[in-house]
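A.B. asks: Fold the following.
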Amino acid sequence: MKNKFTLTLLALLIIGGCSSIQEEEREEPEVLLYKQSQDRINAKNFIGAVESLSRIERFYPFGVYAEQARADLIYAFYMSGDYDNAYAASEKFIRLYPRNTNIDYAYFMRGMTGYYEDDGLLSSVFSLDLSKRDVSTAMKSYADLTEFMIRYPESEYVDVARERLIFLRNLIASSELDGAEYYLKRGAYLGALNRANYVLKNIPDSSEKDRALRIMKEAYEKLGYDEYADEIIAFESN
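C.D. replies: Numbering: from 1, shown residues only. Below is the predicted model:
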């Protein structure tokens, strides 16, 4: 009986201790957590800022600073190089606060974090088959930024978004033409024609226009369609 009482008392003490620890953790004031997050952002300690802001989101999901903390979390993830979580945080903010006065920022950041140059670099190193290089994330980012531009044409972030769109447009066109040249070298001339023609029709303002025309000209010549090749030469000279 004595042993059973001792075990029961011990269990209650453990439970009470855990509860006290949880309460102490939870009771850290929201305002102090937010101040800490801003101090860390100002000090460029973005990983630390993510930790502080995530605690606000966890312990005070409906608190005074919850909405602003979720907006700041997008930036903190982005600046810490965690682009996947920055994208997810942007999506979450758009879903939770569609009428926020700074909702344009969330749409802008969603587009900015959808693709990063490092992805393209790794792809070029490890994707030996250039006909199958994946630019789907770049295309998604392009679509997201285009949506942002349409929704918020007066946003302060429009100029940066426009520059990013030009970069993505040229990247997508270049990747398509890498595949076209891959086909050319292997005698798949119709495949090369299709890729080059796609760029001319769907990305006409890219910096890769002349390259696309050159590929089409060579492919037509290889296929014996000299009259079409001559048309391209005439088009280039105009």
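A.B. asks: Quick check: the gap between the residue nearest to L73 when sequence neighbours are not counted and Y105.
C.D. replies: Distances taken as CB to CB, 6 or more residues apart in numbering place L53 nearest to L73, at 4.5 Å, with adjacent residues excluded. Any C-beta I mention is one placed from the backbone N, CA and C, and that applies to glycine too. Distance of L53 to Y105, computed by CB to CB, to the nearest Å: 15 Å.
A.B. asks: neighbour-wise, which of the two wins?
C.D. replies: A direct count of neighbours by other CB atoms under 10 Å for L53 and Y105 places L53 higher, at 30 against 20.
A.B. asks: Contact partners for the more buried one?
C.D. replies: For L53, the contact set (CB atoms under 8 Å, 6 or more residues apart in numbering) comprises 33, 37, 69-70, 72-73, 76.
A.B. asks: Can you flag which of those belong to helices?
C.D. replies: Counting by DSSP state H, the contacts of L53 place 33, 37, 69-70, 72-73, 76 in helices.
A.B. asks: can I get the CA coordinates of stretch 28-42 in CSV?
C.D. replies: As requested, C-alpha coordinates have been extracted for stretch 28-42 and formatted as CSV (Å, rounded to 0.1, in the frame of the first residue of the first chain):
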residue,chain,number,x,y,z
GLU,A,28,6.8,34.0,-22.3
PRO,A,29,5.0,37.2,-23.3
GLU,A,30,4.1,37.5,-27.0
VAL,A,31,5.4,41.1,-27.1
LEU,A,32,8.8,40.0,-25.8
LEU,A,33,9.0,37.2,-28.4
TYR,A,34,8.1,39.7,-31.2
LYS,A,35,10.7,42.2,-29.9
GLN,A,36,13.2,39.4,-29.8
SER,A,37,12.4,38.5,-33.4
GLN,A,38,12.9,42.1,-34.6
ASP,A,39,16.2,42.4,-32.8
ARG,A,40,17.4,39.2,-34.5
ILE,A,41,16.2,40.4,-37.9
ASN,A,42,18.0,43.7,-37.4
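A.B. asks: now the helices for this structure?
C.D. replies: For the chain, the helices defined by DSSP H cover 2-26, 30-42, 46-59, 66-79, 83-96, 103-113, 117-126, 136-151, 158-185, 189-202, 209-223, 226-237.
A.B. asks: what's the pLDDT at the most centrally placed residue in the chain?
C.D. replies: Centrality entry for the chain: nearest residue to the mean C-alpha point is G114, 1.4 Å, by CA atoms, centre = their mean. Looking at G114, its pLDDT stands at 88.
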